[in-house]
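# From the sequence below, what's the structure:
(chains A and B)
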Amino acid sequence: MTSEFWKEHENLYYALTNKKVIFGLVVFSLVIMLAIFGPLLTPYDYEEYAGDPYLAPSAKHFFGTTIMGKDVFTRTVYGLRSTILVGFIAGTIATLIGCIIGFLAGYFGGTLFDELLMMFTNIFVVIPQLALLIVISAFLKARGIVVMSVIVAATAWPWTARAVRSQTLSLKNQEYVNLSRISGLGVMRILKDDIASNMFSYVFMVFIQQFNGTMLATVQLEFLGLGPTRGISLGLVMQDAVNWNAIQLGMWWWSIIPGLILTIMITALYFVNTGLDAAFNPRLREM
Amino acid sequence: MPKNNENMMSVKGLTKVFKSGVFKPQYTVAVKDVSFDIKPGTILSLIGESGSGKTTIGKLILKLLKPTAGQIYYKNKDVAQINDKKEVKEYYKKVQGIFQDPFATFNPLYRVDRIFEIIFSSFGYDQTNKEERIHKVLNDVNLNPGRILGKFPHQLSGGQLQRLLIARALLMDVDVLIADELISMLDASTRIGVLNLLVDLCKENGMSVLFITHDLNLGYYISDYTLIMYKGRLVEKGDTKKVYQNPIHPYTKMLFNSVPDIGRRWDKEEEFLPEQVVDDVRKFYATNQGRGIEEIEEEHSVLFSLK
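Residues are numbered from 1 along each chain as shown, chains lettered A, B, ... in the order given. Below you'll find the model as predicted:
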């Protein structure tokens, strides 16, 4: 029974036995657990003046306190939550838009419809991301997590659309697509059954990469002061630290730890991604 | 046994040019000015070397490619005009194909049963005796339903997959079947069975088969009409017996000469160099300038020159 299962889900087997994937997943789950259970470990609120200012990490304040006496651990774990959430929402939106446009353009490759979609995509490619983000962010009076996600996703999807298009172009010439066509199946059904499902592993990796990318882009925006107008996020913690000269004052716990956690998480996802690449691509498989 | 003399399908001046590149396009002429008729209940074999455009013709008839020029008529209706979703389905209900590479024809993610399920759901067939009918066609192509159904394509052999595709076509009551290298993956023992099955179906149901192959012996065994393709053109066509007994075009002659024969040693290699054929064809066209396609006897025509 179990061996049958693995035979049918060969890719999953290769994915879950790949060392890079295991390492990445373990580290990533640790960070996720920190985001989920961290807030339960701390008695403080992230805006609360929790103790004396300028305290180094201790049993009472795991990551020390800020110059105002706020608890850095509390701020980091709450910030982590919202940063992951923004990354997740934005990554999902960007992957969805990219895939839909990519699938359609690829399936109708070479037609006017394809040309128009690609023109649209290329316009988004040439728009400098940061400049657009700054302009849009500046226009909005209040920015919450969802608005942030949409702004970031709006500039993140083009490369996915282009990559998915080229994959679709090669998949649509497979004979099984022709068989579906002469079986009278509609375009949407063929896209779903024959093309998208065969690209599942690829799309999955695209999603991880988008998740990474949008998270970084969000943190960048927040760091520049264009983050959510209320609440907390990793980028805001880091921006605060820089504004209050935490580095010059020797408060490494305030300036370095939040960035370090972000780096660890993104590195972990990068490991998962390269590991999956090897697992899904038989030619890269380590036997 | 043809029901009447009307053509089931008629191909007129079919041309397909592939274009690649947008700014500096390169053109490849795959099929050039091909015309032939398919009568009900007949088997035509389309014979030619690799790259001669055989498969392209099949795909054009199946509407998988759009012709650059020329028309395909199915029951006197221009196939290019069939665009409405419903009409397309009706067309595919009656005109079906079996592709060359059985491994590529199955989506690796699904169990093989899917190809049958799709037919029933897509064409709205009566579902009541679905299983029986599937089992019957599987038995017809010499497959054991219990050992085949529920498997994934990678668990089956090329021959089994190809027979599944044949079974799929048999499940439908088709008028025209495009069979591209149909039995290339079958072993000798199954081959005859499948061929005879096709012949029977033609005789009983008036199904026509366009048999795309490069196997001359097979063409002779099975087909009523023979079409010989060379470099995208139909160089000789007609009644199988007439074409085989009296080949005129140098390419056809070469083909017949190069068939390996049991009991004859292979020692004439130097005669069949490709350059030699190209040269012969060129001379042939040059000496017959201005003649084009001519019927040399009833149901036997030859391309004498490119005009």
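
# can we go C-alpha only for contacts and neighbour counts from here?
Will do.

# any idea how far B:K241 is from B:G58?
From B:G58 over to B:K241 the distance is 24 Å, taken as C-alpha to C-alpha, to the nearest Å.

# Looking at these two, which is more packed in?
More neighbours sit around B:G58 than around the other of B:G58 and B:K241, counting by other C-alpha atoms under 10 Å in any protein chain shown; the figures are 24 against 15.

# What strand or helix carries that one?
Assigned by DSSP states H and E, B:G58 falls within helix B:54-61.

# chain center to that helix, what's the gap?
Here helix B:54-61 shows a centroid-to-chain-centroid distance of 8 Å under the convention C-alpha atoms, centre = their mean, to the nearest Å.

# name the helices or strands packed onto that helix?
Here helix B:54-61 touches strand B:26-38, strand B:43-48, strand B:176-180, strand B:208-213, going by 3 or more C-alpha pairs under 8 Å, 6 or more residues apart in numbering or on different chains; DSSP states H and E.

# what angle sits between it and strand B:208-213?
On the basis of axes from the mean of the first three to the mean of the last three C-alpha atoms, to 10 degrees, helix B:54-61 is oriented at 150 degrees to strand B:208-213.

# For the stretch 101-250 of chain B, list the residues in contact with chain A, please.
B:D101, B:A104, B:T105, B:F106, B:N107, B:L109, B:I118, B:I119, B:S122, B:F123 (C-alpha under 8 Å from any C-alpha of the partner chain).

# Go through those residues and say which is closest to chain A.
Top of the list for closeness to chain A, among these and by C-alpha to the nearest C-alpha, is B:T105 at 4.2 Å.

# For burial, what's the neighbour tally of the closest residue to the closest one other than its chain neighbours?
The shortest distance from B:T105 to any non-neighbouring residue, by C-alpha to C-alpha, 6 or more residues apart in numbering or on different chains, is to A:Y176 (4.2 Å). The number of residues packed around A:Y176, counting by other C-alpha under 10 Å, is 24.

# need the next SSE after the helix or strand encompassing A:Y176, C-terminal direction.
Assigned by DSSP H and E, A:Y176 falls within helix A:175-182. Moving toward the C-terminus from helix A:175-182, the next helix or strand (DSSP H and E) is helix A:187-190.

# contact partners of that following helix?
Residues from elsewhere that reach helix A:187-190 (C-alpha atoms under 8 Å, 6 or more residues apart in numbering or on different chains): A:V177, A:S180, A:R181.

# Can you say which of the residues you listed are buried?
A:V177, A:S180, A:R181 (16 or more other C-alpha atoms under 10 Å in any protein chain shown).

# The nearest residue to the second one once chain neighbours are set aside: neighbouring residues, count only.
For A:S180, ignoring the flanking residues on the chain, the nearest one in space by C-alpha to C-alpha, 6+ apart is A:I190 at 6.8 Å. Applying the criterion other C-alpha under 10 Å, we find 20 residues in the vicinity of A:I190.

# how close does A:I190 sit to B:E117?
As defined by C-alpha to C-alpha, A:I190 lies at a distance of 15 Å from B:E117.

# same question, A:I232
Computed as C-alpha to C-alpha, the A:I232 to B:E117 distance reads 53 Å.

# And these two? Which one has more around it.
Using other C-alpha under 10 Å, the more surrounded residue of A:I232 and B:E117 is A:I232, with 23 against 14.

# ok, that one - contacts?
Counted by C-alpha under 8 Å, 6+ apart, A:I232 has contacts A:Y46, A:R75, A:Y78, A:G79, A:S82.

# go on, B:K94?
Residues counted as contacts of B:K94 (C-alpha under 8 Å, 6+ apart) are B:M172, B:D173, B:V174, B:D175, B:V176.

# again, 7 Å this time
Contacts were defined as C-alpha atoms under 7 Å, 6 or more residues apart in numbering or on different chains; by that measure B:K94 touches B:D173, B:V174, B:D175, B:V176.

# cool, B:I166 as well?
With contact taken as C-alpha under 7 Å, 6+ apart, B:I166 is in contact with B:I98.

# Show me which residues of the helix or strand hosting B:L234 are buried.
Taking DSSP H and E as the definition, B:L234 sits inside strand B:233-239. Across strand B:233-239, burial judged by 16+ other C-alpha under 10 Å covers B:R233, B:L234, B:V235, B:E236, B:K237, B:G238, B:D239.

# how much space between the closest residue in space to the third one that isn't next to it in sequence and B:T287?
On the basis of C-alpha to C-alpha, 6+ apart, the spatially nearest residue to B:V235 that is not a chain neighbour turns out to be B:L303, at 4.8 Å. For B:L303, the distance to B:T287 equals 12 Å [C-alpha to C-alpha].

# Looking at the two now, which is surrounded by more residues?
Set side by side, B:L303 and B:T287 show more neighbours around B:L303, with 21 against 11, by other C-alpha under 10 Å.
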